[in-house]
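Participant: model the structure of this input:
(one chain, ligands or ions: 2)
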Amino acid sequence: MRSVSEHRHVVAELIAPRPAVTVALTEAAGLVLAADVIAEMSLPVFDNSAMDGYAVIAADVAAATPDNPVKLPVAEDIPAGRSDALTLRPGTAHRIMTGAPLPVGATAVVPVEATAGGSHWAGDISAGTDTVSITTAAKPGQHIRRAGEDVTAGTKVLRTGQVVTPAALGLAAALGLRELSVIPRQRVLVVSTGSELVAPGTPLQPGQIYESNAIMLAAAVRDAGAAVLAAPMAGDDVAQFTAVLDRYAEQADLIITTGGVSAGAYEVVKDALGRTGDQTVEFVKVAMQPGMPQGAGRWAGTPIVTLPGNPVSALVSFEVFVRPALRAAMGLPDPDRPRRGAVLTEGLTSPHGKRQFRRGVLDPAAGTVTSYGPPASHHLRWLASANCLLEIGEDVTDIDTGSTVRVWDLSS
Ligand code: AMP
Ligand code: MG
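Facilitator: Numbers count the residues shown, from 1 in each chain. Ligands and ions are numbered 1, 2, ... in the order given. Predicted structure coming up:
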C-alpha cells in the first residue's frame with residue numbers, strides 16, 4: 001500500500017503551474033503576482049488637504065484663540081476635483097475639502113471644527129464662504145498630505161509571489177494600473193460517475209440516489225482558489241465517460257473524477273483508464289481511512305486524479321491530495337490547511353497501518369477537539385457540520401481522552 005505522503009507527492013508532481021498572464025484588476029483578486037509592481041507615479045499625486053476646513057498661512061492665525069478668533073476673508077472655495085491653479089494671498093483663507101489640491105502659498109489647513117460655529121457647514125453648502133473666524137492657532141504643515149509621502153515614483157510596491165489582496169488591488173488602482181501579471185487559476189474538470197446518480201430536483205426512481213460529489217467538489221475547487229471548467233455526470237459506461245473526458249480534457253489543467261475505482265465490477269473509471277494504450281493512470285491503495293482506492297496519471301496529456309465515490313472519501317481525499325497541490329501550483333503561499341494540536345475530549349480507536357482522518361469539532365478557544373460522527377465514508381451529515389479533520393497516524397490504534405492530536409482546521 002502507498003503511504004498518504006507518497007500519494008500527496010505523486011499528485012503534487014502531476015499538477016504544473018500555468019504560465020503567467022496579464023489580467024484586468026477585476027480578475028486578479030486572490031491570485032499570486034507573477035511580476036513586481038513598480039510605481040510609475042507618486043501618491044498622493046499632489047499636495048492636498050487632509051481635512052475639511054480652511055487653507056491658511058499658519059503665521060496669519062498664530063494668535064487665534066477661542067476668545068480672540070482671527071477673522072479672515074474667504075477668497076476661494078476648493079472642492080475635491082477642482083483643477084485650476086490657485087494661490088493663497090496673505091491675510092486670506094480658502095475653504096478647502098478633504099483631498100482637494102492645496103493652493104500655492106498655503107502652509108496649513110485649519111479643520112472646520114477649529115472655526116467659530118464648529119462644523120457649521122452641515123446642510124448649508126455656502127456656510128463659511130465669505131469670512132471665517134479661526135479659533136485655534138495652526139502649526140505649519142498641519143493637515144496637509146504631501147505629494148509622494150505614501151509612494152514615491154520608482155518604488156517597488158508589490159512583490160512577485162504576493163497574493164493580490166483587496167488592499168493590493170486598491171493600491172494598483174490608485175497607481176492607475178488596469179492590469180496585473182498573475183499566475184492564473186487552475187481550470188479543473190470535475191466528473192462524477194455512477195449509473196445510480198441523478199441530479200437533485202429530479203424524482204428518484206428505485207435504486208437511484210442524488211448526485212452530490214460534483215457540486216461538493218466544484219465548490220471545494222473554487223474554495224481552493226481554482227476555477228471549475230465543468231462538473232458533469234457520467235454513467236458507468238466507458239464510452240460515455242471517455243466522451244466527457246475528451247470533450248473537456250484539452251481546456252482543463254486538471255481532471256478530478258469520483259467513483260468507479262474500487263474493487264467491484266462496473267468500475268468505469270478503472271475500466272476506461274486501464275484500457276488506454278499508454279497506461280498512464282496508476283490505480284493504487286493508499287493507507288488511509290477513508291479514501292483507500294486512489295488513482296493518478298494523465299488523460300490525453302491532462303493530469304487526472306481519480307477519487308473514490310463515497311462522498312466523505314471524495315472530499316477528504318480532495319483535502320488531503322488535491323487541494324494542497326492545486327494551491328501550490330497557483331503559487332499560493334499557504335497550500336496546506338492550518339494544522340494545530342488539540343486536546344481530545346474523548347478516547348478514539350483507529351485502524352492499524354492506516355492514517356485516519358476523522359471529522360471533528362474544534363473549539364479553538366478551549367484548544368479541544370471532539371470527534372464527530374462515525375469514521376465511515378458515507379456519513380456526509382457529520383462532515384457538513386465539522387470544522388476540522390483529526391489526523392491520526394498509521395501506528396496509532398487507541399488514543400485516550402486528554403491526549404493531544406493533530407487537527408486540520410477547515411474553517412480558514
Ligand atoms: P463507487 O466508488 O462508484 O463504487 O461509489 C461508492 C459509493 O459512493 C456508492 O454508494 C455510490 O453510490 C456513492 N457515490 C458515488 N458517486 C457519488 C456521487 N457523485 N454522489 C453521491 N454518491 C456517490
Ligand atoms: Mg460507482
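
Participant: give me the three-state assignment for residue 295.
Facilitator: Using DSSP: H, G, I helix; E, B strand; the rest coil, the secondary structure recorded for residue 295 is strand.

Participant: and the residue of the chain found nearest ligand 1, what element?
Facilitator: Per CB to the nearest ligand atom, the residue of the chain with the smallest distance to ligand 1 is residue 309, at 2.5 Å. Heads up, the C-betas are built off the backbone N, CA and C, glycines and all. For residue 309, there is no helix or strand it lies in under DSSP states H and E.

Participant: where does it land on pLDDT?
Facilitator: Residue 309 carries a pLDDT value of 96.

Participant: name the nearest residue to it, ignoring sequence neighbours.
Facilitator: residue 259 (3.0 Å; CB to CB, 6 or more residues apart in numbering).

Participant: now that neighbour. Its backbone dihedrals?
Facilitator: phi 80, psi 170 (degrees, to the nearest 10).

Participant: okay, and for the stretch 51-200 of the chain, where does confidence drop off?
Facilitator: 117-120 (pLDDT under 70).

Participant: quick check: residues of it near ligand 1?
Facilitator: Neighbours of ligand 1 within the stretch 51-200 of the chain, by CB under 6 Å from any ligand atom: 192, 194, 196-197.

Participant: still on that earlier bit, so who does the residue nearest to residue 309 touch?
Facilitator: Going by CB atoms under 8 Å, 6 or more residues apart in numbering, residue 259 touches 192-194, 213, 268-269, 308-309.

Participant: now render those residues as TSV, adding neighbour count, distance to residue 35 and secondary structure.
Facilitator: Below are the contacts of residue 259 laid out as TSV (neighbours: other CB atoms under 10 Å; distance: CB to CB, whole Å; DSSP: H, G, I helix; E, B strand; the rest coil):
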residue	neighbour count	distance to residue 35	secondary structure
192	27	38	strand
193	29	41	strand
194	20	44	coil
213	30	38	helix
268	23	44	helix
269	29	40	helix
308	26	40	coil
309	24	42	coil
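
Participant: what's the closest of these to residue 128?
Facilitator: Nearest to residue 128 among the contacts of residue 259: residue 213, at 66.3 Å, using CB to CB.

Participant: just the pLDDT for that closest one.
Facilitator: Looking at residue 213, the pLDDT reads 97.

Participant: cool, residue 387 as well?
Facilitator: As predicted, residue 387 sits at a pLDDT of 97.

Participant: now residue 23
Facilitator: At residue 23, the model reports a pLDDT of 98.

Participant: and it, what element?
Facilitator: With DSSP H and E as the test, residue 23 turns up in strand 21-24.

Participant: could I get the contacts of residue 259 as CSV with distance to residue 152?
Facilitator: Shown next, in CSV, are the contacts of residue 259 (distance: CB to CB, whole Å):
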residue, distance to residue 152
192, 54
193, 58
194, 60
213, 53
268, 61
269, 57
308, 56
309, 58
